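*Asks:* Have a look; sequence and predicted model below, questions after that.
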Amino acid sequence: KAGVTQTPRYLIKTRGQQVTLSCSPISGHRSVSWYQQTPGQGLQFLFEYFSETQRNKGNFPGRFSGRQFSNSRSEMNVSTLELGDSALYLCASSLEGYKGQPQHFGDGTRLSIL
Amino acid sequence: EDQVTQSPEALRLQEGESSSLNCSYTVSGLRGLFWYRQDPGKGPEFLFTLYSAGEEKEKERLKATLTKKESFLHITAPKPEDSATYLCAVQAVRSSGSARQLTFGSGTQLTVLP
């Protein structure tokens, strides 16, 4: 069974640009969550999508947005990139995202801002 | 606000030297507590879910336990391949009954020396 797939694995951008990251969940999983991981802040929750609707949202500025498609694949967009956006962005999927079901993570997209 | 504190931040063990990692949590209503293992450059790998106080789960050299305030990850006779960062996360329940997002601790970096 294929795991969570994130593309691309690495990205280098400059300040002010925008970026789109992609996540394909495990087959049958309908909930997709996004996290930002940095050495100083650890894993910080960005948002969760379920059935194409944003169900939970973390404390990030509006520059961070996402969406989910009917096949449960998800994209995350960051506009007007800042140096502080350099991080590992992780996507996780679960069956329905509640009832204590575990989330399964991809290997992330490493975003570097120059 | 949900809080998760992991200790110690770093732990160095000799091969075969058993020890425990601690995860203390504060949530209004626990839906589940999760343990993950993360290797450098990879996404977190799911290990265990614990749902209620007194519950225990085992997998090879790892055993996770849960009380009303904390969880322990016991590592028996560790091997160098057990070296990784171990993350703890909680999922809480809103007053409406729906689930909140996962809140992660900052992790324990475990090094097992041969």
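*Replies:* Nice, thanks for sending it over.

*Asks:* quick one: contacts for residue 25?
*Replies:* Since you didn't name a chain, this refers to chain A. Taking Cβ atoms under 8 Å, 6 or more residues apart in numbering or on different chains, we find A:P25 in contact with A:4, A:31-32, A:72-74, A:91, A:93. C-beta here means a position set from N, CA and C on the backbone, and glycine is covered the same way.

*Asks:* my bad, chain B
*Replies:* Taking Cβ under 8 Å, 6+ apart, we find B:Y25 in contact with B:2-5, B:33, B:69-71, B:88, B:90.

*Asks:* I'd like those residues as JSON lines, with secondary structure, pLDDT and neighbour count appended.
*Replies:* JSON lines is the format used below for the contacts of B:Y25 (DSSP: H, G, I helix; E, B strand; the rest coil; pLDDT from 0 to 100; neighbours: other Cβ atoms under 10 Å in any protein chain shown):
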{"residue": "B:D2", "secondary structure": "coil", "pLDDT": "88", "neighbour count": "17"}
{"residue": "B:Q3", "secondary structure": "strand", "pLDDT": "92", "neighbour count": "11"}
{"residue": "B:V4", "secondary structure": "strand", "pLDDT": "96", "neighbour count": "22"}
{"residue": "B:T5", "secondary structure": "strand", "pLDDT": "97", "neighbour count": "13"}
{"residue": "B:L33", "secondary structure": "strand", "pLDDT": "96", "neighbour count": "25"}
{"residue": "B:K69", "secondary structure": "coil", "pLDDT": "95", "neighbour count": "10"}
{"residue": "B:E70", "secondary structure": "strand", "pLDDT": "97", "neighbour count": "17"}
{"residue": "B:S71", "secondary structure": "strand", "pLDDT": "98", "neighbour count": "25"}
{"residue": "B:C88", "secondary structure": "strand", "pLDDT": "98", "neighbour count": "30"}
{"residue": "B:V90", "secondary structure": "strand", "pLDDT": "94", "neighbour count": "23"}
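
*Asks:* okay, these in TSV with distance to chain A next?
*Replies:* Shown next, in TSV, are these (distance: Cβ to the nearest Cβ, whole Å):
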residue	distance to chain A
B:D2	10
B:Q3	13
B:V4	10
B:T5	11
B:L33	9
B:K69	18
B:E70	18
B:S71	14
B:C88	11
B:V90	10
